[in-house]
Each structure stands twice: as C-alpha cells, then as structure tokens.
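Q: Predicted model and sequence follow; I will ask about them next.
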Amino acid sequence: MLSVAVASCASTVDGTAARGADGGQWRDVPPGLNPDGLDPFRPVEAGVITADATARDAGELIFADATVFDQRAGSLFIGSNSSGSAESSYVSATFRYVPYPDDPRCSDRSAASWGVYVCENIGLGPVDSHPRPFPNAGEIRVGGGLREVVIRPEVSGQYTPFYQGGTEFPALRTVRVRAAGTRDIPALDLSFVVPPTVVVTTPTDAAPLVIDRSQDLVVEWVPIAAREVWVVLTLVQTVEGVRRSYRAAVQAYGDVGRAVLPARALAALPVDSSMAAGLTVFPYNVSTTRVGVWPITATVVGEGRRYAVVLQ
C-alpha cells in the first residue's frame, strides 16, 4: 500500500525569506503558515490518500472513487493598482468552487522567477461554466485606509470591484476585512498589513526609460519588509487589427533589494515605435488563511514606481 499525505500550504509575509528558507527558522513562522516561504497552492482536504499498488493494478497508481480534491478558493485584492500610468487603488473579492479556466488565447514562457506572457484578441475566450450564483460572504467592508471601502455582490454572486484614482491604502497601514457571512461562506474578520513603499535606486529617473533588449534589466531598491516585489514590463501592439498584449515579469523577496529580468525574456518582446510600454515596480504581501472550509489568499499591494518605456 502507498500512502500519500496531503496538507495545505501558505505564505509568510515577514520579509525574511531571502536569508534562507524563510530565515531558516521555524520559530519565525506563525502557526498555520508555511515555513518554506513559498507561494500558496490550492489545498486539498483528502487527509491521507491510500492507493493500492498490488500486482492487479498493473503498476498503475489508482485512487479510490471516494477521493475528492476540494477546489474551493477565495481571493482578496487590496491596495495599489499596479497597471496604468497613474496611481490608483483597487479592492476586489472572488469566491469559487472551481478555478477559472485557462484562456486559450494566451501563452507563457517562464523559468525560475521570471516569465513572459502573451495574449491576443483572436478567437473566443474561455467559457466560465461555474455554477450561478457564485458563493459570497455578503457585503465586505475594508477599513484601515483613508476611508472605509465597501464592495457588494451582484445578483450573480460576483463582487463589483472598487476602483478609485489616488492612494487609498498608504504604506504600513493595517487593513481590516469584515463580512457578516452567508450560508455559503462564514463571517470574515481578517487583518493585513500594507507593505512599505518601494524606493527604487536603479534605474534612475528617466523620461522615458530606454531599455536595451540585448541586456539584462536590473532593478534595485532599498530593501523592505515585503513578501515580494514585482517588476513588470508591459506593452500592447496592434498589427492588422490583431491586438497583442505582452507582459514580462520577475519577482524577488522585498529584503533582497534586487531583481533581474534577463535578456532572453526581453528578447521575446517586439520593438514597435507605436507601442505603449511601461515598467512598474510594486511591493506585495501575499498570505493565505482559512475561514471555515475556505482557503483564502489575500494580496495587499503597496506603493511603487511607474516608468514610461522605450524598447530598443
């Protein structure tokens, strides 16, 4: 008999992971969080799965019919909206019984901590067959910012996001997320810390910033206690009516103070003087908790830097 232990996993946000596997110390990890500091993956609640590997299985790994992988997951997004050329704030919530299907119009190439993602507007997007209405926790109130933000579920059960120009959640604020709950999802009362503002030291101010695709793009910042800092280069190209969006991204722990988007990633991007391109550097705190049977991933984004870009 072969027994496979199944357990849930979560992220830490104390910014010490650069010194080893989350500082290399079990004691700096609060109960219920993953000591390796890696990103959360969707947990399953099957306990211990037993597979019968006797001769009659002809070498195949067979799971019992009763084995069920639970795909329920909730997500919260709070803080700065890293897209666009101006500072803005965003709050959203999603609860699903099954993941959103992959978009066949998009492709990606990735290695280590970087990736290049390309999407085009040819053909139809995926059909979301998720049952309606979506599960929801009722009205969600987010406090701790410059004002309280409230998002409410629509008739479909999906939440209408909050979007507003400017900064609603300054650095190091503690935001509190509350909801009364419903028959689908228990009451919420969660707190998260907005990461410090990223102070970028390289590249220096430039208008626009010229990026040579044959060279690694090195971005450095004053080290901060943020779970991650994301460096994202985005551009949009339209050729003969086909619109393609490109995103080259790399991530690093906040206390590392440095991330490199390699030349082999940049080489996958086209050069077109008509393209609108931009570089953003933003801090993220990513953590996972559980409310009842629901694993919930919270992404809290602080303030960062935006650059207009010219590729060559």
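A: That came in fine, so what should we check first?
Q: only C-alpha atoms for contact and neighbour calcs from this point on.
A: Noted.
Q: which strands and helices sit next to the longest strand along the chain?
A: If you go by DSSP state E, the chain has its longest strand at strand 276-291. If you count contacts as 3 or more CA pairs under 8 Å, 6 or more residues apart in numbering; DSSP states H and E, strand 276-291 packs onto strand 228-239, strand 294-301, strand 305-311.
Q: most packed of these?
A: Comparing the helices and strands packed on strand 276-291 by mean neighbour count (mean count of other CA atoms under 10 Å), strand 294-301 ranks first with a mean of 23.
Q: quick check: angle from that strand to strand 276-291?
A: 140 degrees (axes from the mean of the first three to the mean of the last three CA atoms, to 10 degrees).
Q: Quick one: the helices in the chain, in order.
A: Secondary structure of the chain (DSSP state H): helices at 263-266.
Q: Flag the shaky bits of it, pLDDT-wise.
A: Scanning the chain for pLDDT under 70 picks out 1-69.
Q: hmm, try it at 50
A: Counting by pLDDT under 50, the chain shows low-confidence ranges at 1-68.
Q: Would you state the strands of the stretch 51-200 of the chain in chain order?
A: 73-80, 88-96, 106-111, 114-120, 140-143, 149-151, 162-165, 174-179, 188-193, 200-202 (DSSP state E, counting those that start in this stretch).
Q: coming back round to it: relative to residue 179, which of the helices and strands packed on strand 276-291 is closest?
A: strand 294-301 (13.6 Å; CA to CA).
Q: what's the span of stretch 251-266, first residue to last?
A: Stretch 251-266 has an end-to-end distance of 15 Å (CA to CA, to the nearest Å).
Q: ok, residues contacting it?
A: 15-18, 113-116, 213-231, 248-250, 283 (CA atoms under 8 Å, 6 or more residues apart in numbering).
Q: mind redoing it with 6 Å?
A: 15, 113, 213-230, 250 (CA atoms under 6 Å, 6 or more residues apart in numbering).
Q: Same question for stretch 176-195.
A: For stretch 176-195, using CA under 6 Å, 6+ apart, the contacting residues are 135, 137-143, 171-175, 226, 300, 302.
Q: Can you tell me which of those residues are classed as buried?
A: Listed as buried from these are 135, 137-138, 140-143, 171, 173-175, 226, 300, 302; burial here means 16 or more other CA atoms under 10 Å.
Q: Isn't residue 73 up against residue 295?
A: Yes. Contact criterion CA atoms under 6 Å: residue 73 and residue 295 qualify, at 5.3 Å.
Q: thinking again about what came up before, with distance to residue 278 as extra columns, can I get the strands of the stretch 51-200 of the chain in a markdown table?
A: Converted to a markdown table, these look like this (distance: least, CA to CA, whole Å):
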| stretch | distance to residue 278 |
| --- | --- |
| strand 73-80 | 16 |
| strand 88-96 | 16 |
| strand 106-111 | 19 |
| strand 114-120 | 15 |
| strand 140-143 | 30 |
| strand 149-151 | 29 |
| strand 162-165 | 18 |
| strand 174-179 | 29 |
| strand 188-193 | 27 |
| strand 200-202 | 15 |
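Q: closest to residue 287 out of those?
A: strand 188-193 (8.6 Å).
Q: That closest one: which residues count as buried?
A: Those would be 188, 192, 193, for strand 188-193 by 16+ other CA under 10 Å.
Q: State the distance from the first one to residue 293.
A: Computed as CA to CA, the residue 188 to residue 293 distance reads 13 Å.
Q: Likewise for the second one?
A: Taken as CA to CA, the spacing of residue 192 relative to residue 293 amounts to 20 Å.
Q: chain center to stretch 153-164, what's the gap?
A: 19 Å (CA atoms, centre = their mean, to the nearest Å).
Q: List the contacts of it.
A: 88, 89, 90, 91, 92, 133, 134, 135, 136, 152.
Q: Make TSV from those and add distance to residue 271 to it.
A: Below are those laid out as TSV (distance: CA to CA, whole Å):
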residue	distance to residue 271
88	28
89	31
90	31
91	34
92	34
133	44
134	42
135	44
136	44
152	42
